[in-house]
Every structure is written in C-alpha cells, then in structure tokens.
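> next one to model:
(chains A and B)
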Amino acid sequence: MTGHALRKQDDLLSMRTTLMTLIGPATSLLMPLSEVLLAHRVTPAEVRDPAFPHAFAFGQYILLRREAYLATGGYAAAGMRGTPIDDLALADLLKGHGRRVEIVGGRGLVANRQWTTWRSALQGWRKSCYGELARSNYPLAGLPAAPALIVYGLGPLCTLLYALRAGRVRRFSTLLAGIALVAQIDAKRCIDREFDLAIAWSLAAPAGWVVFGILVADVAYGILSGRGTEWKGRQLLKQGESFSD
Amino acid sequence: MASHQGEDKPSPLLRSTHMNSSRTTARRQMNPLLRYFSLGALVLSALVALWQSLRVHRSARETHPPDEAPLPIPAPHVSIILPVRNEEATLDACLARCWHRSIQTSISPSSTMAQRMRPRASWLRGAHATSAYRCTGSTGSPGAGQGRRTRCTPASREPAVNGCCLLMLIRATRRRHCV
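Numbers count the residues shown, from 1 in each chain, chains lettered A, B, ... in the order given. From the prediction side, this is the model:
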C-alpha cells in the first residue's frame, strides 16, 4: 500500500476492506445497501478526480502523507473533532485542500470486524446517518427521505404483486414496477457477490430499503426532538457539536 | 304537510343514494390523482433504481487492488494511528491478537512467514481530554539473508507522529499482509 501511495503520489489512500460482520439477517440486509448509497455519493474515479468536489475514505484503513495531514490540520481542523463520521470528513478536508485522494480495493488483503452485534450495528448506522445529515446543509432532509425510502422499497413490489394477483400484467405501471424491482435487486446483487452472500439476500433488497427508511425516520425524529443520537455511551446532540460524555 | 315534509327532507333511501353518488364522484376525482401519484412514484423509483444500479456497477468496475509497487530503500517510516476513544481496556489485547505482518525470512522472495507484532504503545492525553494511542513502527531495509526488521517504539509527545506516512486503522482491523 505504501509503495502504491508513493508511486501514485497519493496524499490519502484508503482501502475497501473485507467485512467480517455479515452474520445474521440485519447486517446481510443493510450492509450492502450502505455500499449502494456510497456509490450514489461517489465512485472511486470521482474520488481521484480533482475537479469532483466530494471524496470518501473507509475508516478501517487510511494511509496519509504526513505532510498533507499536518498542512490541512488533520483532526485539529475545524469541524473534524465534532463529526461522528471522521473518515469521510478527513477525505473531504484533504480534497478540499487540493490534495490527491484515492480509494483502492483491499478485499482479501485486510479483513475488518466492524459490527459484532445487532445493537452495535444499529447504533453505528444511526450514528453514520445522523452524522451525514448533520454535516449536510439540510439536517431535516431525513423527514422527506424516510417515507421516500419506504415507498421506494414497497411501491414497486406491491404494484407488481397486485398486478400479478389481479391479472393486470400488460400495464405501464407493471412494467415500471418490474424495472425498478429488477434494478434494485441487481444493484444489491453486485455488492452481495463481493460479500459472498446468497441470492436470497439480493431478492430481499426492497425489504432492506424499507428498514433503511425506518432507520432514517428514527434519526430524523432524533434531530427534530433534539435528543440527537447515542454512540458508545456518548450523546451527539446537535449539528457541529462534540460528543458529550 | 306530509308531502311538504317529504319534499323538504329526502327519504333515508334517497339520502343514502345521494351520499353514495357523491362518494363515487369523490372517488372518481381522487382516482386520477392517486393514479398519477402512484405512476409518478413508480417512474421515479424506476429511474432511481436504474441509476443506482449503473452507479454500483461503475463503482465496482473502478475499484482496483493496489499496485504491487516496490518500496524505496530505505523504506519510509509509517506511524500507525488508531483514532479510538475510551478503548484502553481492549486495545492492547486486540493489537496483540490481530496485528500480524509477513516478513521475509531469507533473500528468497517466496520464503515469508507471519509474525505477530508486539507494538509498544503509549497513551497520550490530548486536547479536549481525548486519549490518543500512538505507536510508531519502522521497517529497515533487509540486509543479505537477514530479512526485514521491525522496530516499534513508543511515541513521544513531541513529535506526535514522526513517520512520513500515517496509517489510520479502526480498532478491530485484521491485517493479513505487509503495509
């Protein structure tokens, strides 16, 4: 990795690792969807592209050039200490300073045990979701996003099932529902293959979006009510504020 | 009077028919709205799902493993930073169990073995009362037949990190190959 970083003159090199936590239904359902959402945000080529404003880094493995870290301020920079998604913020910070950021595939090289229990996974996702919404300019975006995700998961599936049951297959809405459902399953299958998950998990993609919608609704409620979210016994209360013990 | 009353007040049957017809009219007015809304939602879902699928495939295509680029001699120093908090109790055990590196035992490139790293560590009390765990390790250039050396020294407060590269890992990452 160091050789690669030196050769490519990377200031931040991050690696997509092999996740070892895909045990139980929750992680197998939701973890690949978080990768799908990541692909929404940015792709590896866009991370490398200096003209593209966003960047990303996997917190499990970040190799930094010391000079770049110190020049940009690293964790001492404004907004870095308060954010619960420091990997993403660090990558954005370096890219914002015109530094070169790269993501490589490290599956098979590094294995990572990220979440070991359903509770820790739920807390982690809630924290990441909260952090992402809090970092954005629209912290209340979760309010419309939550029902949209639920409709996105349930809508095509229900339409298709209703059409099959009522025998109304030759309809435009059935075609649209079919396309949406196949594309949802295909996107999840692409990630599931890398995680060596059975095809049943890919078929459950709509259920995953519904669960994700409920999670976002919970986070949105946390933002609205001001109770924030909890992470390892600490409470993240509001935007840009540090964890309170 | 009875006929007047009857004209003023419609019979229950008539009233029910009237209500039913108004409900049907309302439903007829609602139906196109609902239909357009559900069709719109489906169009949007299909477009989002297709775009999502394209992005995921693109992301998978663009993810490449790192190059097998040789390190310069002398090899650069790498400081390893674990940005964790309140993990004093578990961090040492985790590192001792998980942190491996492959070392070259002779001049032959194929003769490597996995060696458990025993890094020395230090806890520093940083700003905002945050505990910081820092450990610096360096890899010396192999001498003829001597193999690679690993030297781990506890980090001091000044300078906090002295390697030319910083490697950040989360607590439970298991490395299988050499940096």
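
> so which residues of chain A form helices?
Counting by DSSP state H, chain A forms helices over residues A:2-8, A:25-41, A:44-48, A:66-72, A:86-96, A:118-135, A:142-166, A:172-194, A:199-203, A:205-225, given from the N-terminal end onward.

> list the helices and strands the fifth one packs on?
It refers to helix A:86-96. Contact here means 3 or more C-beta pairs under 8 Å, 6 or more residues apart in numbering or on different chains; DSSP states H and E; on that basis helix A:86-96 packs against strand A:12-16, strand A:61-65, helix A:66-72, strand A:101-105, helix A:118-135. C-betas here are computed from N, CA, C, even on glycine.

> okay if I get the ones you listed as CSV plus distance to chain B, mean pLDDT and mean neighbour count?
Listed next are the helices and strands packed on helix A:86-96 as CSV, based on distance: least, C-beta to the nearest C-beta, whole Å; pLDDT from 0 to 100; neighbours: other C-beta atoms under 10 Å in any protein chain shown:
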stretch, distance to chain B, mean pLDDT, mean neighbour count
strand A:12-16, 6, 89, 26
strand A:61-65, 4, 87, 26
helix A:66-72, 5, 87, 18
strand A:101-105, 4, 91, 24
helix A:118-135, 11, 80, 19
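
> those into JSON lines, with extra columns for distance to residue A:79?
Conversion of the helices and strands packed on helix A:86-96 to JSON lines gives the following (distance: least, C-beta to C-beta, whole Å):
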{"stretch": "strand A:12-16", "distance to residue A:79": "17"}
{"stretch": "strand A:61-65", "distance to residue A:79": "17"}
{"stretch": "helix A:66-72", "distance to residue A:79": "12"}
{"stretch": "strand A:101-105", "distance to residue A:79": "17"}
{"stretch": "helix A:118-135", "distance to residue A:79": "8"}
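
> where does pLDDT dip in chain B?
Low-confidence regions of chain B, defined here as pLDDT under 70, cover residues B:1-30, B:79-179.

> and if you look at chain A?
Residues of chain A meeting the criterion pLDDT under 70: A:19-24, A:113-114, A:116, A:232, A:237-245.

> what residue lies at the spatial centre of it?
Among the residues of chain A, the smallest C-alpha distance to the mean C-alpha position (C-alpha atoms, centre = their mean) belongs to residue A:34, namely 3.8 Å.

> who touches residue A:201 in this structure?
For residue A:201, the contact set (C-beta atoms under 8 Å, 6 or more residues apart in numbering or on different chains) comprises A:28-29, A:32, A:188, A:192.

> deepest of the helices of chain A, which one?
Scoring the helices of chain A by mean neighbour count under mean count of other C-beta atoms under 10 Å in any protein chain shown gives helix A:86-96 as the most buried, with a mean of 22.

> so what touches that one?
By C-beta under 8 Å, 6+ apart, the surrounding residues in contact with helix A:86-96 are A:11-12, A:14, A:47, A:50, A:53-59, A:62, A:64, A:68-69, A:72-75, A:77, A:79-80, A:83, A:101, A:131-132, A:135, B:83.
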